[in-house]
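Participant: structure, please.
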Amino acid sequence: MVPTGETAAFDVVVVGGGPGGYATALYGASAGLSVAVVEKEKVGGTCLHRGCIPAKEFLETAAVFRTVADAKEFGVQAEQPTVDFAVSQARKQKVVEQLYRGLAGLMKGRGITTVPGTGSLLAGHRVKVTGPDGERELSGRHVVLAAGSVPRTIPGFDVDGTVVMTSDEVLDLERLPASVAVIGGGAIGCEFASMLADLGSQVTVLEALDTLLPGCDEDVVGVVSRAFRKRGITVHTGVAVHDHQPTGSGTVVSFGDGQHVTADAVVVSVGRRPATDGLVADGAGVEIDGRGYVVVDPFQRTTAEGVWAVGDVVPTAQLAHVGFAEGIVAVKGILGEPAVPVDYTRVPWGIYCQPEVAFAGLTEAAAREAGFDVVVKKDPFGGNSRARIIGETDGLVKVVAERGADGRAGRILGVHMVGPWVTEQLGQGYLAVNWEATVDEVAAFVQPHPTLSESFGETVLALTGRGLHVA
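Facilitator: Numbers count the residues shown, from 1 in each chain. Take a look at the predicted model:
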């Protein structure tokens, strides 16, 4: 701990203890650097405390609920389940607390100094920390900005935590609202819509763009859209949300061309903005762009010598694992080691709605737009024996490959999955895309049977022109 009013020097000062920040700290400390992390709340950041981990814990609650509700199909006699969401909330908090204690212990074990408070970068690699006990100052040979992000809001929807909520407030609910309007049909919105619907809420999704899950392959989106409809989730795409009028017990949301929906609660899921307010003082030399992001080069270097930035404060994919990767790139640069910049067109994505979505690389539409002549194969999970066994057959695997000069499928450009546990199956597809493997190379892999993951192998084998179960 650095005493209030004193200055302490380190090799690296990291501002922010979320995924990008703590990954930077752990990787740097492993290389022998002295590291301090400034964190205003708890290390782990949004991902651990108000994002990825608690959201997925509730999605797992929904999965358990579905499993029990469908148990009779397997000959297992069980009463129709009900949800005590206060118990689910307590379990979520227990999981989060266990992971937090583990992370804090890991950082302490590597000699990382954690300084409570809000950090602001000053000139000369100095960081002013304003904490519960006053101000102190840290200095570092290098400074890494990793302050993370906060939920975006929209005009006319002031967050009160009861009727109008962001992801932060939803994850603190003690009971489920009977009806919910989810504003935003991206990854976060679809995850919340899926979870709430599975646990008994009547859900309406309002998306301004013409499709759910913008950026996903259209075949994947089609599967999710159909699954949502079958589960009673109402989806309106291509609609602007105007305002809402509280009714006492809930509110009426107006959208589109004179349309309305009545709901007990509204969940605003329209993305996140960088938490850069007050992060950089005048004279520090770090450029902030018009959207509030820290400007960096491909190696995470800012416009100030010796100052780096990673995670949600830079204009890249707001994914925890991207923050991990960027932190490693930054530390390698600090150490003077060769570093490979993150290729954002090929990072893996996981969306944990039901059915799950996972992908890496170019969609079919993006590949064609980029000028590639492509060959595409799809394998529905309906033909997968393990999917039949577990009773989850909605979904498919789609592989996009470049057509070679001989007319045959060659390099794999994109792998797109939707269905049961696909977030756990993407590994081999991600490797294929990033290693620029050809379909002939990957088709030689022996896939275990019966598994969900063999659908990827079947799809690639079909691209060679000699598929077994996929034409």
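
Participant: look up the pLDDT of the closest residue to E174 other than its chain neighbours for me, please.
Facilitator: Distances taken as Cβ to Cβ, 6 or more residues apart in numbering put A86 closest to E174, at 5.0 Å, once the chain neighbours are dropped. Bear in mind the C-beta positions are built from the backbone N, C-alpha and C, glycine included. Confidence at A86, expressed as pLDDT, is 91.

Participant: check the gap between A86 and C47 for me.
Facilitator: Look at A86 and C47: by Cβ to Cβ, to the nearest Å, they are 24 Å apart.

Participant: go on, E392?
Facilitator: For E392 relative to C47 (Cβ to Cβ), the value is 27 Å.

Participant: the two: which is more packed in?
Facilitator: Legend: neighbour count by other Cβ atoms under 10 Å for E392 and C47, higher for C47 (24 against 20).

Participant: now that one. Its backbone dihedrals?
Facilitator: Here is the backbone geometry of C47 (degrees, to the nearest 10): phi -50, psi -50.

Participant: OK, contacts around it?
Facilitator: Contacts for C47 were tallied using Cβ atoms under 8 Å, 6 or more residues apart in numbering; they are 18-19, 53, 320.

Participant: give me phi/psi at K56?
Facilitator: Dihedral angles (degrees, to the nearest 10) for K56: phi -70, psi -30.

Participant: residues in contact with the closest residue to it other than its chain neighbours?
Facilitator: Distances taken as Cβ to Cβ, 6+ apart place Y352 nearest to K56, at 5.5 Å, with adjacent residues excluded. Going by Cβ under 8 Å, 6+ apart, Y352 touches 55-56, 59, 191, 194, 423.

Participant: quick check: Y352 vs V418, distance?
Facilitator: Going from Y352 to V418 by Cβ to Cβ gives 12 Å.

Participant: how about G311?
Facilitator: Taking Cβ to Cβ as the measure, G311 and V418 are separated by 27 Å.

Participant: what about those two, which has more around it?
Facilitator: G311 (34 against 28).

Participant: test for you: state the pLDDT assigned to that one.
Facilitator: With respect to pLDDT, G311 scores 97.

Participant: got the contact list for it?
Facilitator: 16, 18-21, 146-148, 322-323, 326-327.

Participant: keep only those of the residues you listed that are in helices.
Facilitator: 19-21, 322-323, 326-327 (DSSP state H).

Participant: specify which member of the residues you listed is nearest to G119.
Facilitator: Closest approach to G119 among these (Cβ to Cβ): G21, at 10.1 Å.

Participant: which residues in the stretch 51-200 of the chain form strands?
Facilitator: Applying DSSP state E, counting those that start in this stretch to the stretch 51-200 of the chain gives strands spanning 113-116, 118-122, 126-131, 134-145, 149-151, 164-165, 179-183.

Participant: go through these and name the closest to F74.
Facilitator: Comparing the strands of the stretch 51-200 of the chain by Cβ to Cβ, strand 179-183 comes nearest, at 30.5 Å.

Participant: please state the offset of that closest one from the chain centre?
Facilitator: 20 Å (Cα atoms, centre = their mean, to the nearest Å).

Participant: quick one: residues contacting G51.
Facilitator: If you count contacts by Cβ under 8 Å, 6+ apart, then G51 has 45, 167, 171, 320 around it.

Participant: give me the below-cutoff pLDDT ranges for the stretch 251-400 of the chain.
Facilitator: Scanning the stretch 251-400 of the chain for pLDDT under 70 picks out no residues.

Participant: which residues of it fall in helices?
Facilitator: Counting by DSSP state H, counting those that start in this stretch, the stretch 251-400 of the chain has helices at residues 320-335, 364-369, 385-390.

Participant: got the domain ranges for the chain?
Facilitator: 7-151+273-335, 164-270, 355-463 (automatic domain parsing).

Participant: just send those back as TSV, with distance to R346 too.
Facilitator: Below are the domains of the chain laid out as TSV (distance: least, Cβ to Cβ, whole Å):
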stretch	distance to R346
domain 7-151+273-335	11
domain 164-270	14
domain 355-463	5
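
Participant: which among these is found nearest to D343?
Facilitator: Nearest to D343 among those is domain 355-463 (7.3 Å), distances taken as Cβ to Cβ.

Participant: what's the spacing between the nearest residue to C52 once chain neighbours are set aside and V331?
Facilitator: Spatial nearest neighbour of C52, excluding adjacent residues (Cβ to Cβ, 6+ apart): A320 at 5.7 Å. Applying Cβ to Cβ, the value for A320 to V331 is 17 Å.

Participant: which of those two has more neighbours?
Facilitator: Legend: neighbour count by other Cβ under 10 Å for A320 and V331, higher for V331 (28 against 20).

Participant: quick one: contacts for that one?
Facilitator: V331 sits next to 12, 24, 27-28, 31, 33 when contact means Cβ under 8 Å, 6+ apart.

Participant: V397: which of these is nearest?
Facilitator: The nearest member of these to V397, counting by Cβ to Cβ, is Y27 at 33.3 Å.

Participant: burial measure for the closest one, as a count.
Facilitator: Quick note: Y27 (other Cβ under 10 Å) scores 21 neighbours.

Participant: what angle do the strand or helix carrying it and strand 134-145 make?
Facilitator: Assigned by DSSP states H and E, Y27 belongs to helix 19-30. With axes from the mean of the first three to the mean of the last three Cα atoms, to 10 degrees as the basis, helix 19-30 and strand 134-145 are set at 90 degrees to each other.

Participant: just the CA trace of helix 19-30, in PDB.
Facilitator: Written as PDB, here are the backbone C-alpha positions of helix 19-30 (Å, rounded to 0.1, in the frame of the first residue of the first chain):
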ATOM      1  CA  PRO A  19      -9.500  -7.600 -17.600                       C
ATOM      2  CA  GLY A  20      -7.200  -5.500 -19.600                       C
ATOM      3  CA  GLY A  21      -5.600  -4.000 -16.500                       C
ATOM      4  CA  TYR A  22      -5.200  -7.100 -14.400                       C
ATOM      5  CA  ALA A  23      -3.900  -9.100 -17.400                       C
ATOM      6  CA  THR A  24      -1.300  -6.400 -18.000                       C
ATOM      7  CA  ALA A  25      -0.300  -6.400 -14.400                       C
ATOM      8  CA  LEU A  26      -0.100 -10.200 -14.100                       C
ATOM      9  CA  TYR A  27       1.800 -10.600 -17.400                       C
ATOM     10  CA  GLY A  28       4.200  -7.800 -16.400                       C
ATOM     11  CA  ALA A  29       4.800  -9.100 -12.900                       C
ATOM     12  CA  SER A  30       5.500 -12.600 -14.400                       C
END
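
Participant: quick check, A227 in a strand?
Facilitator: No. Assessed by DSSP: H, G, I helix; E, B strand; the rest coil, A227 does not belong to a strand; its assignment is helix.
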